[in-house]
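S.K.: Mind folding the following:
(one chain, ligands or ions: 1)
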Amino acid sequence: MTNEPTRTDSAPLLRVEGLVKHFPIKKGLLQRQVGAVKAVDGIDFEVRRGETLGVVGESGCGKSTMGRLITRLLEPSGGKVEFDGTDITHLSTGGMRPLRRDIQMIFQDPYGSLNPRHTIGSIVSAPFRLQGVEPEGGLKKEVQGLLERVGLSPEHYNRYPHEFSGGQRQRIGIARALALKPRLVVADEPVSALDVSIQAQVVNLLDDLQDELGLTYVIIAHDLSVIRHVSDRIAVMYLGKIVELADRTSLYEAPMHPYTTALMSAVPVPDPRRRGAKSERILLKGDVPSPIAPPSGCRFHTRCWKATQVCTVQEPPLLELAPGRRVACHHPENAPDQVPGDTALASAGEAIEIVPATKASNVEATETGAGEAAASGAVAGAVASAAVEPAVKVPSPAKAPAGDVTDPAAGRETVAGAEADAGADSLSGAGTDSVAGPGTGREAAGDDGPSEGGPAKGA
Ligand SMILES: Nc1ncnc2c1ncn2[C@@H]1O[C@H](COP(=O)(O)OP(=O)(O)OP(=O)(O)O)[C@@H](O)[C@H]1O
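M.R.: The predicted structure is shown next:
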């Protein structure tokens, strides 16, 4: 069943160079452009065949926009997207149509992305209709086979989305995305709208399908426990930039970018016997700056405890500081300082607060609802024995109380959001079913079909 690569195995399936997406901000009667939201601001990476690239970062850092750019649901403002050697950056709707079979997207909100008036059979068979594909044994048989493959019953063919639990609806979305045997699947927060008890099942299903179908994944998530479980390599994003790109083990064991270090210190330890091993967490103070006017130099310098003068004026390039590890930082952790002896910023000492991990977990639990539960319960439960404990080098503590890390989602309304691309045609399936934006509602744990008990990736 594995899809055959059409080019040499060593060439990446997806290559992204200098990718940019600026959403124009328009004002007044004449709708003059007065600025831009720099959602994605020059990123480079590649995705190898058969791997899972995890993309992580705080809300508003541009993860979803990046996902929509590489699936060409959005038209890039600059840079290049190459899929299997073909430049798809500015392909028209018609030009993209044949590639829709190969590139699919799974969305966060399993309910909003399924048309409530269509039966499951009609939803999952939409990609075949849109692409004019007639499966060998007939459409119904093929769709029922797909339903079975994602852990649903073929009898569900004539039912409607509202009859299913959140986890089951996400399985339907996955069946639709996989209908035409794509080669690249971009999943945007595929489990974050699900109850934590269901998350592990869906993550394991994605894992199994990857092995079975030879899929390449880009999985976008803000939950580091989910990312740790699914990814081979991980890209960490901050304010429209990739600040670190590394294999999973290196990233979790010895993060190099201070932002990654702070993120990793927040990862709960799933094994209760090892909880004591992690005693401190780095809380970043201050808000994420606005992507309309990001800070000069290194975008993270306003919240970084290692920031020096050079960080305010010179943007650090994403450099390979160790084999397979790219980092954009003048003063990385676990690597030689790139600008030794530079004068520290006065604000650096106040940038963070070090708190005991247990207190921090409580804060997180009340703020996000399920942070630790997700890790220790469902998803990371599957990898508990293989959990990597991040080595957090604790810098000198600051004194003032921690501020919230907030969503910079500035001015989404004020912006010409509708620019969101007439040019971007719908993904197959999503073309007939409405695709909602990120959902927030958590689904109650319901009957979620057979549970998956697949082994954890790399465990
Ligand atoms: N259509 C749009 N028009 C204008 N601004 C947008 C649009 N889509 C996203 N943005 C802005 O671009 C920035 C990046 O948003 P994006 O959704 O990509 O971030 P994210 O990391 O996926 O966050 P989240 O996890 O909250 O979805 C945000 O400031 C957001 O407000």
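
S.K.: Just give the number of residues close to D211.
M.R.: 13 (other C-beta atoms under 10 Å). Using the backbone N, CA and C atoms, a C-beta is placed for each residue, glycine as well.

S.K.: ok, now C61?
M.R.: Counted with other C-beta under 10 Å, residues neighbouring C61 total 28.

S.K.: so who does it touch?
M.R.: Shown in contact with C61 (C-beta atoms under 8 Å, 6 or more residues apart in numbering): M237, Y238, L239, G240, V288.

S.K.: pLDDT wise, what is the closest residue to it other than its chain neighbours at?
M.R.: Spatially, and ignoring its direct neighbours in sequence, C61 is nearest to M237 (4.5 Å; C-beta to C-beta, 6 or more residues apart in numbering). Per-residue confidence for M237 comes out at a pLDDT of 97.

S.K.: Repeat that for Q144.
M.R.: Confidence score, pLDDT, at Q144: 95.

S.K.: Quick check: nearest residue in space to it, chain neighbours excluded?
M.R.: Q144 sits nearest to P154 (C-beta to C-beta, 6+ apart), 3.6 Å away.

S.K.: Do I have it right that that neighbour meets E148?
M.R.: Yes - look at P154 against E148 with C-beta atoms under 8 Å: they come within range, at 5.8 Å.

S.K.: Find the closest residue to the ligand in the stretch 251-400 of the chain.
M.R.: Going by C-beta to the nearest ligand atom, the ligand is nearest to P291 of the stretch 251-400 of the chain, at 4.6 Å.

S.K.: count of neighbours near that residue?
M.R.: 25.

S.K.: My reading is that it lies in a helix. Confirm?
M.R.: No - counting by DSSP: H, G, I helix; E, B strand; the rest coil, P291 is not part of a helix but coil.

S.K.: returning to what we had before: how much space separates the residue nearest to Q144 from the ligand?
M.R.: 35 Å (C-beta to the nearest ligand atom, to the nearest Å).

S.K.: residues near that residue, how many?
M.R.: P154 has 14 neighbours, counted by other C-beta under 10 Å.

S.K.: ditto for P356
M.R.: P356, neighbours per other C-beta under 10 Å, totals 12.

S.K.: Same question for F45.
M.R.: 21.

S.K.: Just the element for it, please.
M.R.: Using DSSP states H and E, F45 sits within strand 32-47.

S.K.: I'd like the distance from that strand to the chain centre, please.
M.R.: How far strand 32-47 lies from its chain's middle: 17 Å, per C-alpha atoms, centre = their mean, to the nearest Å.

S.K.: Could you list the buried residues of the next helix or strand after that strand?
M.R.: As assigned by DSSP H and E, the chain's next helix or strand after strand 32-47 is strand 52-56. By 16 or more other C-beta atoms under 10 Å, the buried positions in strand 52-56 come out as T52, L53, G54, V55, V56.

S.K.: got the residues of the stretch 151-300 of the chain near the ligand?
M.R.: For the stretch 151-300 of the chain, the residues in contact with the ligand (C-beta under 6 Å from any ligand atom) are H222, P291.

S.K.: quick one, helices of the stretch 151-300 of the chain?
M.R.: 166-178, 196-213, 224-230, 248-253, 258-265 (DSSP state H, counting those that start in this stretch).

S.K.: Find me the pLDDT at the closest residue to the ligand within the stretch 101-250 of the chain, would you?
M.R.: Minimum separation of the stretch 101-250 of the chain from the ligand (C-beta to the nearest ligand atom) falls at H222, amounting to 5.5 Å. Looking at H222, its pLDDT reads 88.

S.K.: That one against G60, yeah?
M.R.: No - H222 lies out of contact with G60 (C-beta under 8 Å); the separation is 10.1 Å.

S.K.: Give me the more crowded residue out of these two.
M.R.: More crowded of H222 and G60, by other C-beta under 10 Å: G60, with 21 against 18.

S.K.: Can you classify the more buried one as helix, strand or coil?
M.R.: Assignment for G60 (three-state DSSP): coil.

S.K.: That one and the ligand, how far apart?
M.R.: Plainly put, G60 is 4 Å away from the ligand if you go by C-beta to the nearest ligand atom.

S.K.: I'd guessed that residue sits against P289; true?
M.R.: No - using C-beta under 8 Å, G60 and P289 do not qualify as a contacting pair, with a distance of 10.2 Å.

S.K.: what's the burial count for the nearest residue to F107 once chain neighbours are set aside?
M.R.: Leaving aside its chain neighbours, F107 sits nearest to S113 (4.4 Å; criterion: C-beta to C-beta, 6+ apart). By other C-beta under 10 Å, 27 other residues sit near S113.

S.K.: That's all I had, so thanks and see you.
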